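Enquirer: structure, please.
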Amino acid sequence: MYRYIFISISLISSITFSSYAHDRIIIRLRPHITTRSQLIHMKDIADIHTKDHTIHKRIADIDIAEFTAKDTHLLITKKHVFYRLQVAQLLPSDFILIGSDDVKVYLQRRILRPEEIVQVAKDSLLQSLPYPADTVEVELAIPVHVALPEVAADDQIRISARPHIPPRLGRVQMDVTVYVNDRSIISLAMYFNVRFRSSSMIMQSSAVGGSASSSPVTHPSTGSGAAFESSRSSDAIIRPGQRVTLVVQSGALRVTAIGEALEHGRFGQVIRVQNVDSKKVLFGRVAGPGTVEVDLGVNR
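Expert: Okay, the predicted model is just below:
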């Protein structure tokens, strides 16, 4: 009876002992490698010899180690590799582990460049502005002095940028977050100056409070240099001759003056207005009923 039990256990063991009984796997460790990825697999550090392609792939994809942000290199021992093979449910009789006793692994890194982050933040800001992109200029107000991290060459980088508050003309804060492999690694605030493009208009007025100019104006969306007549469509919220509030925003400073609209204006449209006190003709964006935002950077 005991003999039959022993034979049965032996038969079961021979079945579960290894799915690789027909082919003993040879794994040869390399002395050193350079990788572009933070996660190290068996295929990165060893040559795997087996006739079974399914088994080869299973062993090749075993996780061996992972770089941290502070690691410059890793030293992977043969003992550690042996342990990882056993965790993957390979028995010592399934494989032969030869080659180097230690594998030195170096990570190929790259430094995030400020220009990459600035460009993403600038593009996001342009998309968020209530003006056509070709009518405004966006310039970095404060250089990026934050020490940017190094990342693995093959890391997936994602940069998220959005305005801190709804953006207008003047100084705008963009909240930026950098993700590496979907993990947030750094957040920072970036500041941009936003103003209308002076090249998109023909202007001879100088600043709020100057003299009037009779020069023709070019509509920002045409860039043709020809005089234009503002739209008189029914959706205009400002009409010629209407008294309006001129608003000049410079950082935290907000200055208002009384002006007169010289043409129809829809929300977000750039129109000519005249300062009532100085008779100076200026350009401003319709910000609401009876309100026009004036950019001093354009009206110079």
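Enquirer: quick one: the helices in the chain?
Expert: Using DSSP state H, the helices of the chain run over 2-16, 42-45, 53-60, 78-87, 114-128.
Enquirer: out of the ones you listed, nearest to residue 186?
Expert: Nearest to residue 186 among the helices of the chain is helix 114-128 (9.2 Å), distances taken as Cβ to Cβ. Heads up, the C-betas are built off the backbone N, CA and C, glycines and all.
Enquirer: just checking, what packs against the closest one?
Expert: Helix 114-128 is packed against strand 136-140, strand 157-163, strand 170-180, strand 183-196, with contacts defined by 3 or more Cβ pairs under 8 Å, 6 or more residues apart in numbering; DSSP states H and E.
Enquirer: point out where the stretch 101-250 of the chain drops to low pLDDT.
Expert: Along the stretch 101-250 of the chain, the parts satisfying pLDDT under 70 run over 198-234.
Enquirer: before we move on, back to that, looking at the helices and strands packed on helix 114-128, which is buried most?
Expert: strand 170-180 (a mean of 19; mean count of other Cβ atoms under 10 Å).
Enquirer: quick one, it and helix 114-128 angle?
Expert: When axes from the mean of the first three to the mean of the last three Cα atoms, to 10 degrees is applied, the directions of strand 170-180 and helix 114-128 differ by 120 degrees.
Enquirer: other residues contacting strand 170-180?
Expert: Residues from elsewhere that reach strand 170-180, judged by Cβ atoms under 8 Å, 6 or more residues apart in numbering: 112, 117, 120-121, 124-125, 141, 148-149, 151, 155-165, 184-195, 249-251, 295.
Enquirer: can you lay out the helices and strands packed on helix 114-128 as JSON lines showing distance to residue 78?
Expert: As requested, the helices and strands packed on helix 114-128 are exported to JSON lines (distance: least, Cβ to Cβ, whole Å):
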{"stretch": "strand 136-140", "distance to residue 78": "52"}
{"stretch": "strand 157-163", "distance to residue 78": "34"}
{"stretch": "strand 170-180", "distance to residue 78": "31"}
{"stretch": "strand 183-196", "distance to residue 78": "31"}
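Enquirer: break this protein into its domains for me.
Expert: 14-107, 111-196, 200-294 (automatic domain parsing).
Enquirer: now residue 266: how far from residue 236?
Expert: According to Cβ to Cβ, to the nearest Å, residue 266 stands 5 Å off from residue 236.
Enquirer: more neighbours, those two?
Expert: residue 236 (20 against 15; other Cβ atoms under 10 Å).
Enquirer: who touches residue 237 in this structure?
Expert: By Cβ under 8 Å, 6+ apart, the contact set of residue 237 is 265-267, 286, 288-289.
Enquirer: switch the cut-off to 7 Å
Expert: By Cβ atoms under 7 Å, 6 or more residues apart in numbering, residue 237 lies in contact with 265-267, 286, 289.
Enquirer: same check, this time on residue 285
Expert: Shown in contact with residue 285 (Cβ under 7 Å, 6+ apart): 131, 268, 270, 292-293.
Enquirer: who does it form a beta bridge with?
Expert: Note on residue 285: beta-bridge partners by DSSP bridges are residue 270, residue 293.
Enquirer: what's the answer for residue 151, then?
Expert: When assigned by DSSP bridges, residue 151 has beta-bridge partners residue 110.
Enquirer: give the burial count for it, as a bare number.
Expert: Neighbour count of residue 151, defined by other Cβ under 10 Å: 20.
Enquirer: look up how far residue 183 lies from it.
Expert: Using Cβ to Cβ, one gets 11 Å for the distance from residue 151 to residue 183.
Enquirer: got it, and residue 158?
Expert: For residue 158, the distance to residue 183 equals 10 Å [Cβ to Cβ].
Enquirer: cool, and residue 275?
Expert: Distance of residue 275 to residue 183, given as Cβ to Cβ: 53 Å.
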